[in-house]
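Enquirer: Build the 3D model from these lines:
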Amino acid sequence: MMPAVEFAIETGPGHSLQLQVQAAGRIIALPIDAGQAAQLGRALLAASVLCDPRCPPPPPGSTITTCRLPAIGWRVGAIEHGSRPVLDLRLVSGAELSILLTPRSALACGEQLQMTAKLALASEVEVQSEIPATP
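Expert: Numbering: from 1, shown residues only. Have a look, this model is predicted:
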């Protein structure tokens, strides 16, 4: 059983941040900046996916910094009286992301996703049609 460890980010004056790690009755505060917070967030999300029991484990000693994050569920909606589109994604690890978009970026994202998906589906059909029939 893993020892109880809790993580939080505490804001300070201006844009300062502190990573708070609580373990064994102690709190360790590490000052970080927004870029480091983004780097840590990417690494933690990647680790949550790559080390999920449903995925093959990475080799021992691997450094995890980022990866493609497979979504197993999604939902769209809007906030601020419908003026701000939101895309919620659930990752294979159970982590959830809620992405706030502008109306223009939501349209562009949707169009690009649709175009990419159509190309991917067309490629699948081509590959399937090239498989020779077995006697």
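Enquirer: Could you report the pLDDT at P135?
Expert: Reading off the confidence values, P135 has pLDDT 53.
Enquirer: Please apply the same query to P57.
Expert: Confidence score, pLDDT, at P57: 88.
Enquirer: So it: helix, strand or coil?
Expert: Following DSSP: H, G, I helix; E, B strand; the rest coil, the label given to P57 is coil.
Enquirer: I figured it was touching C51, is that so?
Expert: Yes. Between P57 and C51 there is a contact under Cβ atoms under 8 Å: 6.7 Å. Any C-beta I mention is one placed from the backbone N, CA and C, and that applies to glycine too.
Enquirer: For L91, which non-adjacent residue is closest in space?
Expert: L69 (5.3 Å; Cβ to Cβ, 6 or more residues apart in numbering).
Enquirer: Next: P70.
Expert: V92 (5.0 Å).
Enquirer: Report the mean confidence score over stretch 65-85.
Expert: For stretch 65-85, the per-residue pLDDT averages 92.
Enquirer: Which residues outside it are in contact with it?
Expert: 39, 42-43, 45-46, 49-50, 86-92, 100-103, 106 (Cβ atoms under 8 Å, 6 or more residues apart in numbering).
Enquirer: Now with 7 Å, please.
Expert: 42-43, 45-46, 49-50, 86-92, 100-101, 103, 106 (Cβ atoms under 7 Å, 6 or more residues apart in numbering).
Enquirer: now the end-to-end length of it.
Expert: 29 Å (Cα to Cα, to the nearest Å).
Enquirer: for this structure, what spans make up the helices?
Expert: 34-50, 103-130 (DSSP state H).
Enquirer: Tell me which of those helices approaches V21 most closely.
Expert: Among the helices of the chain, the nearest to V21 by Cβ to Cβ is helix 34-50 (11.2 Å).
Enquirer: Return the distance of stretch 83-99 from the chain's centre.
Expert: 8 Å (Cα atoms, centre = their mean, to the nearest Å).
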